[in-house]
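A.B. asks: prediction below, plus the sequence it came from.
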Amino acid sequence: MIRFDHVFKRYPNGREALSDLSLELASGEIAFLTGHSGAGKSSLLKLIALIERPSRGQVIVNGQNVGSVPRSKIPAYRRQIGVVFQDHKLLHDRTIFDNIALPLIIAGIGTKEIGKRVRAALDQVGLLGREQSRPLELSTGEQQRVGIARAVVSKPPILIADEPTGNLDPDLSLEVMNIFRRFNEVGVTVLIASHDLYLLEQFPVRRIRLEGGKIVDSDEAPQKLLDPARLMENRKP
Ligand SMILES: Nc1ncnc2c1ncn2[C@@H]1O[C@H](COP(=O)(O)OP(=O)(O)OP(=O)(O)O)[C@@H](O)[C@H]1O
């Protein structure tokens with residue numbers, strides 16, 4: 001689903017964020033992208049989301065060579081990728097409904113279908129009934145879940161997240177991670193950048209570790225996941 005083939009990313013200031021990086025993520029896989037601050041995690045995700053383009057090498061996403069997607073086709077390309085940010089980037093002067101509906105409005109979907117899909121997305125993150133609230137009336141964890149609902153409302157086959165639990169306490173982090181896992185269980189390919197050691201410990205999925213823009217470790221076979229009830233049990237002192 002995602003393939004990096006000898007990819008380099010150099011920013012205009014000369015900073016090389018990714019260096020000769022090759023990576024494969026199969027359809028339906030879930031993985032953590034780990035590494036210290038500055039290792040290149042966000043840069044790698046930005047290449048997938050086509051927020052940045054590679055300087056050299058190929059990035060293939062869902063069979064498409066990202067480097068050759070013309071500017072006019074970027075919105076259509078991005079519809080297949082749900083992106084979750086640490087600061088969730090919600091519009092504070094709009095309702096939760098409007099925030100989640102935005103990608104669908106841009107895609108030209110009809111009003112009735114939008115209502116249906118927004119409610120389904122809210123249901124998936126456990127926030128059905130909060131449509132008319134504004135983001136600041138919600139807790140930080142709930143706002144993050146709205147961010148996830150917005151990312152998945154277009155039913156993308158790929159979900160990428162950049163430090164999605166950065167502002168959350170351990171219990172809320174587990175909750176958010178369980179939401180990602182449920183999407184993965186229905187076939188969505190999920191890649192999560194995180195240096196939340198607690199979270200990494202609790203979810204023994206594939207880890208891709210970056211250092212200085214290179215992959216230094218990547219265990220290919222995902223291990224069996226713990227069941228959510230046991231995860232919460234483990235949290236108790
Ligand atoms: N737009 C940019 N222009 C110039 N340099 C950049 C830009 N974005 C990132 N960099 C540089 O690229 C390197 C990798 O940054 P990146 O944000 O990808 O790392 P990261 O692993 O996500 O870090 P963090 O965990 O702190 O978010 C860093 O040295 C950073 O300073």
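C.D. replies: That came through fine.

A.B. asks: from here on, just use CA atoms for contacts and neighbour counts.
C.D. replies: Will do.

A.B. asks: and the host helix or strand of Asn99, what other elements does it pack with?
C.D. replies: Using DSSP states H and E, the element containing Asn99 is helix 96-106. Helix 96-106 sits against helix 111-124, helix 140-152, with contacts defined as 3 or more C-alpha pairs under 8 Å, 6 or more residues apart in numbering; DSSP states H and E.

A.B. asks: now do the domain split for this structure, please.
C.D. replies: 2-80+156-235, 93-154 (automatic domain parsing).

A.B. asks: tilt between the lengthiest helix in the chain and helix 111-124?
C.D. replies: Determined from DSSP state H, the single longest helix within the chain is helix 170-185. Computed with axes from the mean of the first three to the mean of the last three C-alpha atoms, to 10 degrees, the direction of helix 170-185 lies at 130 degrees from that of helix 111-124.

A.B. asks: now do whatever helix or strand Leu159 lives in against helix 140-152, angle only.
C.D. replies: According to DSSP H and E, Leu159 maps onto strand 158-162. Interaxial angle of strand 158-162 relative to helix 140-152 (the same axes, to 10 degrees): 140 degrees.

A.B. asks: what is the mean pLDDT for strand 158-162?
C.D. replies: On average, the pLDDT along strand 158-162 is 96.

A.B. asks: please see if it touches the ligand.
C.D. replies: No - under the criterion of C-alpha under 6 Å from any ligand atom, the ligand is not reached by strand 158-162; the shortest gap measures 7.8 Å.

A.B. asks: in its sheet, what does that strand sit against?
C.D. replies: strand 81-84 (parallel), strand 189-193 (parallel) (DSSP bridges).

A.B. asks: so what touches that strand?
C.D. replies: Residues from elsewhere that reach strand 158-162, judged by C-alpha atoms under 8 Å, 6 or more residues apart in numbering: 41-42, 45, 80-86, 151-152, 188-194.

A.B. asks: low pLDDT regions in this protein?
C.D. replies: 220-237 (pLDDT under 70).

A.B. asks: how about the residues of it by the ligand?
C.D. replies: Checking the chain against the ligand by C-alpha under 6 Å from any ligand atom, the hits are Tyr11, Asn13, Arg15, Ala17, His36, Ser37, Gly38, Ala39, Gly40, Lys41, Ser42, Ser43.

A.B. asks: which among those gets closest to Ile114?
C.D. replies: Ser42 (30.4 Å; C-alpha to C-alpha).

A.B. asks: contact partners for that closest one?
C.D. replies: So Ser42 contacts Asp162, Ala193 (C-alpha under 8 Å, 6+ apart).
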